[in-house]
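1. A predicted structure for the sequence below; I have some questions about it.
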Protein chains: 2
Amino acid sequence: MDLHLDGAALTAQLVDTPSVSGEEGPLTDIIEAALRPLPHLAVHRDGNTIVARTMLGRPERVILAGHVDTVPLAGNLPSRLEGSRLYGCGTTDMKSGVAVQLRLAASLTTPRRDVSYVFYDCEEVAADRNGLLRLSRSRPELLAGDFAVLMEPSSAEIEAGCQGTLRAEITVPGQRAHTARSWMGRNAIHDAGAVLDVLRGYTPREPEVDGLRYHEGLNAVGIRGGVAGNVVPDECVVTVNYRFAPDRGSDQAAEVVRSLFPAWPVKVIDVTDGARPGLGEPAAAEFVAAVGGTPRAKLGWTDVARFAALGIPAVNYGPGISQVAHTPGEYVETGKIAECEDRLRAWLGAS
Amino acid sequence: MDLHLDGAALTAQLVDTPSVSGEEGPLTDIIEAALRPLPHLAVHRDGNTIVARTMLGRPERVILAGHVDTVPLAGNLPSRLEGSRLYGCGTTDMKSGVAVQLRLAASLTTPRRDVSYVFYDCEEVAADRNGLLRLSRSRPELLAGDFAVLMEPSSAEIEAGCQGTLRAEITVPGQRAHTARSWMGRNAIHDAGAVLDVLRGYTPREPEVDGLRYHEGLNAVGIRGGVAGNVVPDECVVTVNYRFAPDRGSDQAAEVVRSLFPAWPVKVIDVTDGARPGLGEPAAAEFVAAVGGTPRAKLGWTDVARFAALGIPAVNYGPGISQVAHTPGEYVETGKIAECEDRLRAWLGAS
């Protein structure tokens, strides 16, 4: 792989080496082979995750992190360029960001701040396989730093923090009966209508956190009930997903959901804290000043929360477009790749 | 098997020969062996269904029909007698009725009306395995008659006709979106709340048909929806079961359900007509007069509808108790077995 190709051409090369989650080996080998020879970088490999660091002894260290895996292919390879758009699986999420990382890693031999470039695996699958999570547990020293930029698709604008996410099951009980004499029982599915009433009547909070406007959400993501075609069902379970702004923590989020559904047992299935935007931190403020634009709140959950959990302020900033991520028609605007690289280069630039 | 045992003792013998649907062979063999030697009966066997008929050339022929299969065992064998109750799988549904049939078949050598005793298999499972349905198609002449009594549990009271049953799926559409930006989509589960509103607000009809009061019902018997824990779902399907009085036919029942849910596609999964009570027919009226009591409407669907489809008026009349059918604590009052037999004997009696 030639790291001197321009960002769009390098993205196309990365995209044309498929790396669906769990199958990142070949692409990781190529990245490792491209970085190992560079004398200004100390390269570590852990499974299919690579960390390449400058070791200039600068007083400040920043992290540029991107995942190398993609969602499954959808008949959208090889990549193809149409006008200003590069199409293909992973173009937006997030090999264009990885291309920016690689070009900066290769060319910034003496950045103003020490930089740790992190290329990790298995972001698109269950959290327990996530390469960044694994590394944060097994080799946290490799992730040490003062500020992190996660190259998630953000249309080359800063998206700060992220919302938390909670899933819970609400169980509505009933009493079985034969449907020919349904008044002998109590229909749990009918009664679940009251749970849906709460969801239909819910007004999401839109709080401002550290100067950014978040937008919460509460949605049924599953419903199940039914015993047999002639039986009044005695149970209906509604699974809800609460997306909560980062001024609330896990416990508070669980309390919010319980208080909305006081009439039924609420079982929290999983919950993950969000991350405050933290743009007041000096390293973050300098990044915002250098990159320009108006930071937005990140509504989806991303791995910035993992950095937040390590005490490292982090933002999402990448050339991809989140709206087309995970779609068969995924693409990236090539102009954004260059723009993103230029701004990061200006921020990190040679001393 | 000794057909001269009293009804309760014979029921216990039948119960202690397990015959869960599909495994009726051994019990059918025993019944066949008991009936074959009787010179006043012509015995036919078709699979695990037996028809034993008197052939006296009477101007009128009646049918006593009962199924020999049971629902799966529930740790409730062998049978046990406690006071006036005989407990065990099949005591109520409906080996006590089969015992009555067998005692009448053995002892009524010259009934006033010719009698066809039908013992059939697979009533408790999918309709396409039902022995009575099979016989009505392959050997309808064996089911010929002027009036039929189905020995279903009715506490030795006449339950006439039966309600029809229709199942339909109502599909509520939505539009997928990420739950972190749920306002970009439309939640099909939330919208299904409007379907549940209709069900919660439904007032069942209680029409009088041929002098008997029926009681309809409309119930959700299943609900499903959900794509993934972070996706606003684009479909929710509610399965409903409509129990309709026998003054309505299948087409009308389907129209009723469609008209209740005009905003969504309604797909009828299956529908079975009920049966009018038909107690005005001469044979039925004589039966009612002989047996006594006040006939009630049968709300559940039973095989009387199969006789109705053959043009034969039919009623449910048996010693079992429908409320305890299919429960682990199933039992029959032994007094009802004798009562049921006595009344049928008085009706059919020797000429």
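-> Received, thanks.
2. how about low-confidence regions in the stretch 101-250 of chain A?
-> By pLDDT under 70, the stretch 101-250 of chain A has no low-scoring segment.
3. what about whatever residue of the stretch 1-150 of chain A ends up closest to chain B, how many neighbours?
-> The nearest approach of the stretch 1-150 of chain A to chain B comes at A:Ala126, 10.8 Å away (CB to the nearest CB). C-beta here means a position set from N, CA and C on the backbone, and glycine is covered the same way. A count of nearby residues for A:Ala126, using other CB atoms under 10 Å in any protein chain shown, gives 8.
4. ranges for the helices of the stretch 101-250 of chain A?
-> Applying DSSP state H, counting those that start in this stretch to the stretch 101-250 of chain A gives helices spanning A:131-138, A:188-191, A:193-201, A:250-260.
5. is chain B within reach of the third one?
-> Translated: helix A:193-201. Yes: Helix A:193-201 reaches chain B (CB under 8 Å from any CB of the partner chain) through A:Gly193, A:Leu196, A:Asp197, A:Leu199, A:Arg200.
6. apart from its neighbours in sequence, what residue is nearest A:Pro207?
-> A:Ala245 (4.9 Å; CB to CB, 6 or more residues apart in numbering or on different chains).
7. just say which of the helices of the stretch 101-250 of chain A is most tucked in.
-> Ranked by mean neighbour count under mean count of other CB atoms under 10 Å in any protein chain shown, the helices of the stretch 101-250 of chain A are led by helix A:188-191, which reaches a mean of 24.
8. what about it, near chain B?
-> Yes: using CB under 8 Å from any CB, helix A:188-191 comes into contact with chain B via A:Ile189, A:His190.
9. likewise for stretch A:94-110?
-> No: if you take CB under 8 Å from any CB as the test, stretch A:94-110 misses chain B, and the best it gets is 15.9 Å.
10. mind listing what's buried along that stretch?
-> A:94-106, A:108 (16 or more other CB atoms under 10 Å in any protein chain shown).
11. off-centre distance for that stretch?
-> Relative to its parent chain, stretch A:94-110 has a centroid offset of 19 Å by CA atoms, centre = their mean, to the nearest Å.
12. residue contacts, the residue nearest to A:Pro207?
-> Counting by CB atoms under 8 Å, 6 or more residues apart in numbering or on different chains, A:Ala245 makes contact with A:Gln163, A:Gly164, A:Arg205, A:Pro207, A:Val209, A:Tyr214, A:His215, A:Glu216, A:Gly274, A:Ala297.
13. ok, these vs chain B, which is closest?
-> Using CB to the nearest CB, the contacts of A:Ala245 come closest to chain B at A:Gln163, 6.2 Å.
14. what sits against the closest one?
-> So A:Gln163 contacts A:214, A:216, A:243-246, A:274, A:297-301, B:180 (CB under 8 Å, 6+ apart).
15. B:Leu5: which of those residues is nearest?
-> Minimum distance to B:Leu5 across those is 70.3 Å, recorded for A:Arg243 (CB to CB).
16. tell me what the closest one is bridged to.
-> A:Thr165, A:Gly217 (DSSP bridges).
17. doesn't B:His178 make contact with it?
-> No: contact criterion CB atoms under 8 Å: A:Arg243 and B:His178 do not qualify, at 9.2 Å.
18. I'd assumed A:Ala290 was in a helix, is it?
-> Yes: using DSSP: H, G, I helix; E, B strand; the rest coil, the assignment for A:Ala290 is a helix.
19. the spatially closest residue to it that is not a sequence neighbour: what's it in contact with?
-> Of all residues not flanking A:Ala290 in the chain, A:Trp347 sits nearest, at 3.8 Å (CB to CB, 6+ apart). A:Trp347 sits next to A:Glu286, A:Phe287, A:Ala290, A:Val291 when contact means CB under 8 Å, 6+ apart.
20. check these for burial and list the buried ones.
-> Buried among the contacts of A:Trp347 by 16+ other CB under 10 Å: A:Phe287, A:Val291.
21. on that earlier part again, just curious, which of the contacts of A:Gln163 is nearest to B:Pro313?
-> For these, the nearest to B:Pro313 is A:Arg243 (62.6 Å; CB to CB).
22. so how many other residues sit close to the closest one?
-> Neighbours of A:Arg243 (other CB under 10 Å): 27.
23. going by neighbour count, which of the contacts of A:Gln163 comes out on top?
-> That'd be A:Gly274 among the contacts of A:Gln163, by other CB under 10 Å, with 30 neighbours.
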